[in-house]
Structure formats: C-alpha cells, structure tokens
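Undergrad: just a sequence and a predicted model for now, questions to come.
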Amino acid sequence: MKKSNKIITAAATTGVLLLTGGLTAAANAGPTPAAASLAVPAADIQPVPENVVAQNRISVDASAAAVQAALGKCQSDKLPFVTVALVDRFGTVQALLRGDNAAEHTIEAARQKAYTAAAFGTPTSELSKRINGNGPSIADLPGTLFLAGGVPLKFNGVSVAGIGVGGAPDGMLDEACAAAGAETIASAAPGTAK
C-alpha cells in the first residue's frame, strides 16, 4: 500500500490526471481482503440457443473496402466532400471515411443514414417516402435520418449492417455512392474483400 500512497501523494502535487492514474493503479493492484469477501462470482453462461444469440457482422477488411469504394465512387462523380459510414445493425460504427473538404455535419448524417438503413433493412430513399409530415412518425426515432443515402447490408435476407453517405447536394447521389460500397461487399468472394 506504500506504493499507492506515494502515487497519490505525487498526484496531489501534480494534478488531477495523475490522481486518477494513481487511483487506477491502486484499484488494479487487486482487492483488499475485505473487498474480496464481497466479490460476486462470474456466471459461466452455457452456450445454448436459449441463452446466447449469434450475431453476424461485416468484417473489418470488408468494412474498410466498402467505405473506400463508396468514397471512390463519390470522388469519381466529383463529390469529394462526403463522409461514408458503415455501422452494424445496432448503429455502432465499424468504418468511417471522411472525404476531402467534408463538413463536420456529414459525419453524423452518414452514420445516421447507415443506422436507419440497417435498422429497417431498407434503403433510406424508400423510407423517406413513408414520411408524410402529419404528426409523429418513424422519422422521430432518435439516431435515425430518413434522407436518401443509406443502404442496408443483408446476410441471408437479414439486415446485419448499413452503409451511409452524407454530404452530396442530393441524397440520391449519396445513395449511389453507398450502393457502390455495398456492391463491393456483395460481389466479394467468400473470405475476401475487393
């Protein structure tokens, strides 16, 4: 415990960040005998279908290839100011690529379009047609964006991810780039990314 006291004493004279590091070091040193008696044992969950759900995700290589292909399509269409995001079906970003001169808002727009496409399993251009502007709608769901530019990625007919592009002057231009990224994964041989 003397070592931890020295760390905490030094931290008190040098700043809050060191104090946090000292406390972390003390906590990582292990539980005290009193704390050990309060520890709850971890449950070893049995991997049976009733207890564990399998999840399909796009691999890191395929995700990187898809966002690069989508940005490449936008660049060839003279749209270098977009951002491309690929997210899993829960909206967690797996890959993100911001083009030259892409404004900050394009990052969130791309992520939200990707998530919306993944969550609903439908291109966002189709989803945007369902919004009528009369009261609450699916467009009010947090983290979603019902503008063209998001494409779902499906495995065996089930949405597992989405790719979204934000920043082009028209959502259909965004969606064409997202579709190019999705095609990169769809056309890749099993176990490879183009």
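TA: Sure thing, it's come through.

Undergrad: can you count the residues close to Ala39?
TA: Neighbourhood size, Ala39 [other C-beta atoms under 10 Å]: 8. Just so you know, the C-beta spots here come from the backbone N, C-alpha and C atoms, and that holds for glycine as well.

Undergrad: also Ser187?
TA: 9.

Undergrad: now do it, the pLDDT please.
TA: Ser187 carries a pLDDT score of 89 in this model.

Undergrad: work out for me the element Ala54 sits within.
TA: Assigned by DSSP states H and E, Ala54 belongs to no helix or strand.

Undergrad: so how far is Phe120 from it?
TA: 21 Å (C-beta to C-beta, to the nearest Å).

Undergrad: what do you get for Ala66?
TA: Ala66 is 19 Å from Phe120, by C-beta to C-beta.

Undergrad: when those two are compared, which one has more neighbours?
TA: Ranked by neighbour count (other C-beta under 10 Å), Ala66 and Phe120 place Ala66 first, with 31 against 20.

Undergrad: wait, that one sits on Thr184?
TA: Yes - judged on C-beta atoms under 8 Å, Ala66 makes contact with Thr184 at a distance of 5.1 Å.
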